[in-house]
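Trainee: sequence-free structure coming up:
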């Protein structure tokens, strides 16, 4: 009887959620379109993306003061004609430009589009204000529905969050509480990850048995390590989706092992929404090409070849109130060749923030993942953070898991120092600190690697 009642409640929630989406503009139409395009051939996908990009650029040239001259001078839009072959001649857009040109970047018809102001997550401590609109929101929700469906999750099933952004966890308003009921949602704060609190999270997850757990990658990993070390029984959720912070291979393996569920990594940002997500075929993250155009650029600003790391630059195809064209999102990643059953472009990997790239004085760059991998299989480490303070100075903060003997501590320091010097040169000074905790950033994300130096000129 209880199982039948639970099934009925789930179906009622699913239908209520469908009705809510149907009432939210064109969300369901966008979702169905995206699903159809996952089956389209490569040429059809590229043509649809080019058509949507051309429409956005034409609108920007007519309605957005900032782009009127920029597009004409680059020869991208002139007299209503769009030249996509010159698209990469456009300058890159960064957060500083948005801050100083907010009004000029806003479309003259933004009010008619139901525009509203939003802010970035501020994970680097410098949030930026930007403008979005009703159409942007509808596409954003549709993409979320598509990505969630790839995990096997279906509306009405339990949906759990292990998240840190306060605005996403706020449940004080009636609207928020109704949304939580419709989504059958359980929320956990990734700021609060003390052992006793994590015990409570695991117990509640076991009881709730969600169809999907959406979590900061580092928080899911930390919870998995705690469950393993404490010997806690973990009831597998339907699937786990990681986001917000970089998912390293070792982290994925540990999360899947402890939780007994497949991990799907997702990539996005507050400014442009969800960009890409794994669909489970093992070929990387599928980029949503009808909503985003993604470039990966080398140090000279040229397109990096597939398989080569570079800076991620995004053009959001759905925001007509403030077109973000060739936006420097602040991350580094690697494009992959299109493969598998879905003819969408792919990201092989998102490496992390551009500020996670370490530099030598000679200009060599080392991605943060190199340093995090040095801590694989070091069970005595609970948390760590590596900070590049100068070209030849690294500070390493470590929260130990228990007591570390002096002999072991000396040996570990020698091993890590050798690994860091192999990447940054023999002159590199490496200083270690044993600390009680490492505080997360403004949005609850704990950064493993931070570089405070710039690429040498």
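Mentor: Ah, there it is. These numbers come from a predicted model, not from an experiment. Residues are numbered from 1 along each chain as shown.
Trainee: ok, and what's touching the helix or strand hosting residue 315?
Mentor: Here residue 315 is covered by strand 309-316, with elements defined by DSSP states H and E. Outside strand 309-316, the residues that touch it by CB atoms under 8 Å, 6 or more residues apart in numbering are 53, 56, 92, 136, 269, 271-273, 275, 291-299, 304, 323-329, 331-334, 347, 350-351, 354, 367. In this view, the C-beta of every residue, glycine as well, is placed from N, C-alpha and C.
Trainee: give me the buried positions along that strand.
Mentor: 309, 310, 311, 312, 313, 314, 315, 316 (16 or more other CB atoms under 10 Å).
Trainee: can I get those residues in JSON lines including pLDDT and distance to residue 158?
Mentor: Formatted as JSON lines, the buried residues of strand 309-316 follow (pLDDT from 0 to 100; distance: CB to CB, whole Å):
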{"residue": "309", "pLDDT": "87", "distance to residue 158": "37"}
{"residue": "310", "pLDDT": "90", "distance to residue 158": "39"}
{"residue": "311", "pLDDT": "91", "distance to residue 158": "38"}
{"residue": "312", "pLDDT": "95", "distance to residue 158": "33"}
{"residue": "313", "pLDDT": "97", "distance to residue 158": "37"}
{"residue": "314", "pLDDT": "97", "distance to residue 158": "32"}
{"residue": "315", "pLDDT": "98", "distance to residue 158": "36"}
{"residue": "316", "pLDDT": "98", "distance to residue 158": "31"}
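Trainee: what's the closest of those to residue 82?
Mentor: residue 315 (13.3 Å; CB to CB).
Trainee: who does that closest one bridge with?
Mentor: residue 293 (DSSP bridges).
Trainee: what about it, distance to residue 42?
Mentor: 19 Å (CB to CB, to the nearest Å).
Trainee: residue 202 now?
Mentor: Distance from residue 202 to residue 42, by CB to CB: 44 Å.
Trainee: comparing the two, which residue is more hemmed in?
Mentor: Taking neighbours as other CB atoms under 10 Å, residue 202 and residue 42 compare with residue 202 leading, 21 against 12.
Trainee: thinking again about what came up before, next SSE after the strand holding residue 315?
Mentor: strand 327-336.
Trainee: for the buried residues of strand 309-316, which one is nearest residue 392?
Mentor: Distance to residue 392, by CB to CB, is smallest for residue 309 among the buried residues of strand 309-316, at 23.0 Å.
Trainee: and the closest one, bridged to which residues?
Mentor: residue 334.
Trainee: what about the closest residue to residue 317 other than its chain neighbours, helix or strand, and which?
Mentor: Excluding its sequence neighbours, the residue lying closest to residue 317 (CB to CB, 6 or more residues apart in numbering) is residue 52, at 4.7 Å. Counting by DSSP H and E, the element that carries residue 52 is helix 42-63.
Trainee: could you check the angle that helix makes with strand 309-316?
Mentor: 60 degrees (axes from the mean of the first three to the mean of the last three CA atoms, to 10 degrees).
Trainee: what is the burial count for the residue nearest to residue 317?
Mentor: 17.
Trainee: going forward, begin numbering at 2 instead of 1
Mentor: Renumbered: residue one is now 2, and that last one reads residue 53.
Trainee: pretty sure it contacts residue 324?
Mentor: No: with contact defined as CB atoms under 8 Å, residue 53 does not reach residue 324; the gap is 11.8 Å.
Trainee: hmm, back to that, how far does the following helix or strand past the helix holding residue 53 sit from the chain's center?
Mentor: Proceeding N to C from helix 43-64, the next assigned helix or strand is helix 66-74, under DSSP H and E. What separates the centre of helix 66-74 from the centre of its chain is 30 Å, taken as CA atoms, centre = their mean, to the nearest Å.
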